[in-house]
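Undergrad: I would like to see how this sequence folds:
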Amino acid sequence: MSWPNADEDRSGKGYVDYDGMPDREDLLKHYATHTGRSVDEIDYYLVLGNFKMAIVLEGGYARMVQGDNDNPKAVHFGDYVLQSASKAGELARSTTLASS
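TA: Residues are numbered from 1 along each chain as shown. Just a heads-up that it's a prediction; the model follows:
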């Protein structure tokens, strides 16, 4: 869900070193070719993945706010929850799947 497209900045994006790695389109083509499965409706899975990530991280953030989570990274979950939910909503509104 967060794998960069060819036109996106790949530096400092998460914990993966993307130097020399294929972009999102290349990965989708490879997957479709080797599995025989269609990737025509990948937007559905991207919306679902972003929404599910927001839900999971919201739980961790809520536990941190209540003092039940000692993961130091949890303090950043609140912002990521909002970003992930927003991304899911934007994609859901803009995808051609909505008109199908």
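
Undergrad: Buried residues in the helix or strand harbouring residue 29, which are they?
TA: For residue 29, the host element (DSSP states H and E) is helix 24-35. For helix 24-35, a neighbour-count test (16 or more other Cβ atoms under 10 Å) marks residue 24 as buried. Every C-beta, even on glycine, is put in place using the N, C-alpha and C of the backbone.

Undergrad: now swap in stretch 48-67 and tell me
TA: Within stretch 48-67, the residues that qualify as buried are 49-51, 53-54, 57-58, 60-61, 64, counting by 16+ other Cβ under 10 Å.

Undergrad: which stretches of the chain form helices?
TA: For the chain, the helices defined by DSSP state H cover 24-35, 42-65, 77-94.

Undergrad: Among these, which comes closest to residue 18?
TA: helix 24-35 (10.7 Å; Cβ to Cβ).

Undergrad: Next, the angle helix 42-65 makes with that closest one.
TA: Relative orientation of helix 24-35 versus helix 42-65 (axes from the mean of the first three to the mean of the last three Cα atoms, to 10 degrees): 110 degrees.

Undergrad: how far out from the middle of the chain is helix 24-35?
TA: Relative to the mean C-alpha coordinate of its chain, helix 24-35 is positioned 17 Å out (Cα atoms, centre = their mean, to the nearest Å).
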